[in-house]
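Chemist: Here is my input; please provide its structure:
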Amino acid sequence: MNAHDRDFTGNDIAKLHYGDGDFAVLKPGRYVICAITGKKIPLEALRYWNAATQEAYAGPSEALERWLQRNPR
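Modeler: Okay, here's the model as predicted:
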């Protein structure tokens with residue numbers, strides 16, 4: 001088994017500070033948790049987050065869902 005084959009464990013959760021176009025790693029890890037779905041998002045796949053709320057999202061639909069929750073029509 002190599003590093004890419006192992007299961008995610010609690011020790012693999014990263015702690016990040018989300019900025020306006022990038023993020024800073026505060027605690028190294030392999031993934032963060034989506035604020036909407038609870039899915040694990042590998043850091044290399046992380047593309048969507050909110051700097052104001054410091055939340056990560058698994059994809060654009062999750063980011064839109066959170067935006068709609070905060071901005072009801």
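Chemist: backbone phi and psi for Glu44, please?
Modeler: phi -70, psi -10 (degrees, to the nearest 10).
Chemist: what's the burial count for it?
Modeler: By other Cβ atoms under 10 Å, 8 other residues sit near Glu44. C-beta: built from backbone N, CA, C; applies to glycine.
Chemist: tell me the contacts of it?
Modeler: For Glu44, no contacting residues are found, by Cβ atoms under 8 Å, 6 or more residues apart in numbering.
Chemist: And the residue positioned nearest the centre of the chain, how close does it get to Pro72?
Modeler: Nearest to the geometric centre of the chain sits Ala56, at 3.3 Å (Cα atoms, centre = their mean). Noted for Ala56: a distance of 22 Å to Pro72, by Cβ to Cβ, to the nearest Å.
Chemist: likewise Leu16?
Modeler: 28 Å.
Chemist: what do you get for Gly21?
Modeler: Distance from Gly21 to Pro72, by Cβ to Cβ: 27 Å.
Chemist: ditto for Tyr57
Modeler: Per Cβ to Cβ, Tyr57 is found 18 Å from Pro72.
Chemist: ditto for Phe23
Modeler: 28 Å.
Chemist: Compare these two and say which is more crowded by neighbours.
Modeler: Neighbour count, other Cβ under 10 Å: between Phe23 and Pro72, Phe23 has more, with 18 against 5.
Chemist: Show residues contacting the strand or helix carrying Leu68.
Modeler: Per DSSP states H and E: Leu68 is located in helix 60-70. Helix 60-70 has contacts (Cβ under 8 Å, 6+ apart) with Cys34, Ala35, Ile36, Thr37, Tyr48, Trp49, Asn50, Thr53, Glu55, Tyr57.
Chemist: Sitting in helices, which of the residues you listed do you find?
Modeler: Counting by DSSP state H, no part of those is found in helices.
Chemist: Quick one: buried ones out of the residues you listed?
Modeler: The neighbour count (16 or more other Cβ atoms under 10 Å) marks Cys34, Ala35, Ile36, Tyr48, Trp49, Glu55, Tyr57 as buried among the contacts of helix 60-70.
Chemist: what ranges of this structure fall below the confidence cut-off?
Modeler: The chain contains residues with pLDDT under 70 at 1-10.
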